[in-house]
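# sequence and computational prediction follow.
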Amino acid sequence: MEPEIGVVLRGVGGLYDVQNAVGEVTRCRPRGRFKQESLVILAGDQVEYVLINKQEGVIEAVLPRSTMLLRPAVANVEQLVVVTACAQPEPQLLLIDKLLVLAESRHIHPVICLNKIDLVSDTVPEELAGIYERAGYQVFRCSAKTRDGLDLLSQCLKGKLSSCAGPSGVGKSSLLNAIEPGLCLSTGAVSPRTGRGRQTTRQVELLPLSFGGYVADTPGFGQLRLEGIDELDLDQYFPDLHQHKGDCRFADCLHRQEPGCGVRTAIRHGLISPSRYNSYQVLLEELVQARTRY
Ligand SMILES: Nc1nc2c(ncn2[C@@H]2O[C@H](COP(=O)(O)OP(=O)(O)O)[C@@H](O)[C@H]2O)c(=O)[nH]1
Ligand SMILES: [Mg+2]
Ligand SMILES: [Zn+2]
């Protein structure tokens, strides 16, 4: 029988739900050699599988991955939607910048969603959006509650494999529920008893969107550590800083105290948002600390 190609939606106790191009889902087990060769299958993987009957199949091969996120692990994410609330909880600019660096370093296209605009006056989202639009990012101003901005966000999700990221309580599940009412994701920020989000699943699941595309419902990228980034490369993942690097006197300028630094000149001229440079400095220090810990 001709093998089919599909995308892994979720793993279920050693089996995998695979969806083909016309939306049919087949529960598949991996070929025996996957275990022998300790090959891992992730949500988001494109796989080749053969049907053994109407509902069951066998995964024969995993196609090469274009991108890869860890903790939670999900393959082939094209777009990272960095979600923040305008209030409740307060935006954490450092975390937003860290998620943007993560995406940039993995060649995943990041966009930003400012949720809960209904809770604040217009100046709050405009100030936040200003920081990120100046840095070249697309910013969506949304409210899962009033449905403001959801059409534009849906358009951005259409036909792509996206993942939402951001701290618990910002409204990731609420946004997805509002965009795709059939999903019925559980919402409600923090359980007062455990202090943790109510969503306890650590498994990643890809949610098919009725208008085309998938969103990974991840438990969030909580303990986010930047790993495997060279200190000298960090500025590449800050496009707004990086565009001034050519003006630095030294090619290996880290934009700290070096003389003739084009990045710091740009900041003095108001061309870079101070919060972005602050995040760069904090993350650079984190990378230095991680390197010198041994
Ligand atoms: N006012 C307001 N509340 C929201 C909005 N989006 C989500 N919430 C509330 O924020 C809380 C956390 O939402 P949830 O979707 O669980 O956040 P998640 O942890 O990021 O998935 C819930 O009580 C939601 O009802 C919004 O746009 N406006
Ligand atoms: Mg949630
Ligand atoms: Zn410099």
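Structure received. Ligands and ions are numbered 1, 2, ... in the order given.
# from here on, just use CA atoms for contacts and neighbour counts.
Fine.
# and the residue nearest the centre of the chain, which of the three is it?
The centre of the chain sits closest to L80, judged by CA atoms, centre = their mean, with a distance of 3.2 Å. Secondary structure state of L80, per DSSP: H, G, I helix; E, B strand; the rest coil, is strand.
# count the neighbours of M68 for me.
Using other CA atoms under 10 Å, M68 is surrounded by 18 other residues.
# how is G246 assigned, secondary-structure-wise?
At G246 the chain is in helix, as set by three-state DSSP.
# so it makes contact with C261?
No - in this structure G246 lies outside contact range of C261 using CA atoms under 8 Å: 9.4 Å.
# of those two, who's got more company?
Set G246 next to C261 and count neighbours by other CA under 10 Å: C261 wins out with 21 against 13.
# how's this protein carved up into domains?
Following automatic domain parsing, the chain resolves into domains at 4-62, 68-217, 231-292.
# and of those, who's closest to L224?
L224 lies closest to domain 68-217 among the domains of the chain, at 8.1 Å (CA to CA).
# contact residues of the stretch 101-250 of the chain facing ligand 3?
If contacts are counted using CA under 5 Å from the ion, the residues of the stretch 101-250 of the chain sitting beside ligand 3 are C248.
# can we see that at 6 Å?
245, 248 (CA under 6 Å from the ion).
# re earlier: what bridges to the residue nearest to the centre of the chain?
Note on L80: beta-bridge partners by DSSP bridges are P110, S163.
# what comes into contact with stretch 146-160?
78-79, 118, 140-144, 175, 178-179, 209, 211-215 (CA atoms under 8 Å, 6 or more residues apart in numbering).
# now the domains of the chain as CSV including mean pLDDT?
Listed next are those as CSV, based on pLDDT from 0 to 100:
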stretch, mean pLDDT
domain 4-62, 92
domain 68-217, 90
domain 231-292, 96
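# tabulate the CA atom coordinates of the longest strand seen in the chain in PDB.
Assignment by DSSP state E gives strand 4-12 as the longest strand of the chain. Coordinates of each C-alpha in strand 4-12 appear next as PDB, following Å, rounded to 0.1, in the frame of the first residue of the first chain:
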ATOM      1  CA  GLU A   4       0.500   8.500   3.300                       C
ATOM      2  CA  ILE A   5       2.100  11.700   4.700                       C
ATOM      3  CA  GLY A   6       0.500  13.300   7.700                       C
ATOM      4  CA  VAL A   7       1.300  15.500  10.700                       C
ATOM      5  CA  VAL A   8       1.500  14.200  14.200                       C
ATOM      6  CA  LEU A   9      -1.100  15.900  16.400                       C
ATOM      7  CA  ARG A  10      -0.300  14.200  19.700                       C
ATOM      8  CA  GLY A  11       1.200  11.200  21.300                       C
ATOM      9  CA  VAL A  12      -1.000   8.900  23.400                       C
END
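# of the contacts of stretch 146-160, buried ones?
78-79, 118, 140-144, 175, 178-179, 209, 213-215 (16 or more other CA atoms under 10 Å).
# return the subset of these lying in helices.
Using DSSP state H, the members of the buried ones among the contacts of stretch 146-160 that fall in helices are 175, 178-179.
# mind checking which helix or strand L241 is in?
helix 239-242 (DSSP states H and E).
# got the buried residues for stretch 57-70?
Residues 57-62, 67-69 are the ones in stretch 57-70 that count as buried (16+ other CA under 10 Å).
# could I get those residues as TSV with distance to E205?
Output for the buried residues of stretch 57-70, formatted as TSV (distance: CA to CA, whole Å):
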residue	distance to E205
G57	19
V58	20
I59	18
E60	21
A61	20
V62	17
T67	16
M68	15
L69	13
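# which residues of this protein lie near ligand 1?
115-116, 118-119, 143-145, 168-174, 187-189 (CA under 6 Å from any ligand atom).
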